[in-house]
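predicted model and sequence below, questions to follow.
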Amino acid sequence: MAEQLKFELVAPERLVFAGDVTSVTVPGSEGDFTVFVGHAPVLSTIRPGVVTITAGNGDQERIFVRGGFAEATLSGLTVLAEQAIAMSDLSPDRLAQQVANAKDDVADAKDDQARARAQEELDHLEQLQAAL
């Protein structure tokens, strides 16, 4: 079996993924990049998008991430994300309803602070929706 890349995806609330994989594609702030075994060391901020993890058998797992950074070293890749959600856990219908509710919250906000919080939530939900 070919050498595998050690990969960890960590969010504040939990370890999302840890294991040996063939490759990982990361939504870097300067564009997507794919890390394989032996990748040159690199540190990158990440933008909202999908991390694609490819296992040795070719199976792929997709996880939406929002904010954070990725560090590739000679020993592997670590992604520290502000938020991480498995794409398989998302329901398009439920997400569409949440977006509609968030738009109502923005329109109904009583002050600038409430509007900013509601807009941030709406932006996040729309990023998730676009990733589907």
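Received, thanks.

run the chain-centre distance for the biggest strand by length in the chain.
If you go by DSSP state E, the chain has its longest strand at strand 60-73. Relative to its chain's centre, strand 60-73 lies at 5 Å (CA atoms, centre = their mean, to the nearest Å).

tell me what angle the helix or strand following it forms with strand 60-73.
Using DSSP states H and E, the next helix or strand after strand 60-73 towards the C-terminus is strand 76-86. Interaxial angle, strand 76-86 versus strand 60-73 (axes from the mean of the first three to the mean of the last three CA atoms, to 10 degrees): 140 degrees.

can you give me the mean pLDDT across the lengthiest helix in the chain?
The longest helix of the chain (DSSP state H) is helix 112-131. On average, the pLDDT along helix 112-131 is 86.

tell me what it is packed against?
If contacts are counted by 3 or more CB pairs under 8 Å, 6 or more residues apart in numbering; DSSP states H and E, helix 112-131 sits against strand 60-73, helix 92-108. Where C-beta positions appear, they are placed from N, C-alpha and C, glycine not excepted.

cutoff 10 Å now
Packing partners of helix 112-131 (3 or more CB pairs under 10 Å, 6 or more residues apart in numbering; DSSP states H and E): strand 49-54, strand 60-73, strand 76-86, helix 92-108.

quick one: strands adjacent to the longest strand of the chain?
Sheet pairing here is set by DSSP bridges, and for strand 60-73 it gives strand 42-45 (antiparallel), strand 49-54 (antiparallel), strand 76-86 (antiparallel).
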